[in-house]
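>>> Quick one, what's the 3D model for this:
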Amino acid sequence: MKNLKIIFDNIIFSLQNAGGISNYWAQLIKQILKNKVYFFETKNNNIFRKKLNIQTTIETNLPIQILRYLPFQKKLPSNSIFHSSYLRTTFQKEVVKIVTIFDFTYEYYEKGIRRFIHSLQKKISINNADGIICISNNTKRDLLKFYPKINKKKITTIYLGVENSFYKIRNLKKIIKANEFKKIYKKNVILYIGERKKSYKNFHLAVDVVSSLKEFTLVAVGGNTITKKEEILVNKKLDKRFHHFENVSEAKLNRLYNIAFCLLYPSSYEGFGLPVVEAMSAGCPVISSNKSSIKEIAKDSALLVNKINKQNFIDAIKYLDNPKIRKKFIKRGLKLSKKFKWKTCAELTQKFYKKIYKIKFKESN
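Residues are numbered from 1 along each chain as shown. From the prediction side, this is the model:
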């Protein structure tokens, strides 16, 4: 394995401009660059890709809308390792195929042609894989639920990490005076991170919760531009108590975590729930649901409601308004978040590469 070649398919950078999977893939690249890695990608504007100093090769000139569903187009060196950032595979026999499975949201929440196409691609990639990485034990359980006949020996769980740029800011007031967040600094901010359109993310519920708490302001981050329908909703229910920031850097997001009274993460389902760990690392208390991977990742370091409804989240926010209670959860979160490191994620990923490589090619050393 001395001259082992690793091929990374960076297609996720063309499928999204930002997002948790892009973050995961960029962090993996940063940590694994000391090895001989070859990168393939297509044109993109991904915010995480822009920070990477890597040389890449264009895989093909096919439109991304078509390419995303096709097997990898280039011929790969024999005895190399191929790892795609998002559900692609190669059918070359003398290549180790690794796939990362993030969640099963399509299987649980989508219907029709979207679910069919996504699930078909996932099925092909999983069945063709020599090694499968799940980002939580909950995702692993879902994998075994939908694919009960799969060989468990080729599955591993590797948790995601948290960037070092998420931390508790000591001189917050001074920093905030010089940036765009000064308009919300003195407000009681409840932070919402991520996608808003998906029903399981429960953005509308977050709006309803804050609408009943007149002393709080809702700040949403990510999830693309606010739609006209969303604008009407927040104007009606929150009036001027709503702000949205579409794409923010880690440094800016860290400031928002530090400003916020709490992160309200009302999701019904997550493969991991990266914002939960980021918030904890920044000293921002987390209120979420006792569902899917969230309870596995957050444990007792977040306020988790058993039943997702408006009143339960309102009660949790009011409970957190006690300074002693809030301090307790901040302390627990800071301690727990230290367990999630990108360096560890990358190290375990590389160990898994070697393990699967030895199994496939029956090497003893």
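
>>> What are the buried residues along the strand or helix carrying Tyr106?
Taking DSSP states H and E as the criterion, the element that holds Tyr106 is helix 105-109. By neighbour count on 16 or more other C-beta atoms under 10 Å, the buried set for helix 105-109 is 105-106. Where C-beta positions appear, they are placed from N, C-alpha and C, glycine not excepted.

>>> List of residues touching that helix?
Defining contact as C-beta atoms under 8 Å, 6 or more residues apart in numbering, one finds that helix 105-109 is touched by 114-115, 118-119, 122, 142, 146, 198-200, 269, 271.

>>> which among those gets closest to Leu67?
His118 (15.2 Å; C-beta to C-beta).

>>> Wasn't that closest one part of a helix?
Yes. The assignment for His118 by DSSP: H, G, I helix; E, B strand; the rest coil puts it in a helix.

>>> so what are the domain limits for this protein?
Taking automatic domain parsing as the domain assignment, the ranges for the chain are 6-161+342-361, 172-337.

>>> shaky segments in the protein?
Scanning the chain with the threshold set as pLDDT under 70 gives 1-3, 178, 363-365.

>>> where do the strands sit along it?
Shown for the chain, the strands assigned by DSSP state E span residues 6-9, 37-41, 56-58, 80-84, 95-101, 131-134, 155-157, 188-193, 216-221, 242-245, 262-265, 286-289, 303-305.

>>> Lys351 is nearest to which of those strands?
Of all those, strand 155-157 sits nearest to Lys351, with 9.0 Å by C-beta to C-beta.

>>> I'd like to know which elements that closest one is packed against.
strand 131-134, helix 137-146 (3 or more C-beta pairs under 8 Å, 6 or more residues apart in numbering; DSSP states H and E).

>>> What separation is there between His209 and Ser268?
You called it His, but residue 209 is Val. Note on Val209: its distance to Ser268, by C-beta to C-beta, to the nearest Å, is 15 Å.

>>> More neighbours: those two, which one.
It is Val209, of Val209 and Ser268, that has more neighbours when counted by other C-beta atoms under 10 Å, with 25 against 18.

>>> Spit out the contact partners of the more buried one.
So, once contact is read as C-beta under 8 Å, 6+ apart, Val209 ends up touching 190, 264, 266, 310, 313-314, 317.

>>> still on that earlier bit, point out the most buried one among the helices and strands packed on strand 155-157.
Mean neighbours per residue, mean count of other C-beta atoms under 10 Å, is largest over the helices and strands packed on strand 155-157 for strand 131-134, with a mean of 24.

>>> Note down every partner strand of that one and its orientation.
Strand 131-134 has its sheet partners listed here by DSSP bridges as strand 95-101 (parallel), strand 155-157 (parallel).

>>> How far off centre is that strand?
16 Å (C-alpha atoms, centre = their mean, to the nearest Å).

>>> quick one: contacts of that strand?
Strand 131-134 is contacted from outside by 96-101, 126, 140, 143, 150, 154-158, 349, 352-353, 355-356, using C-beta under 8 Å, 6+ apart.
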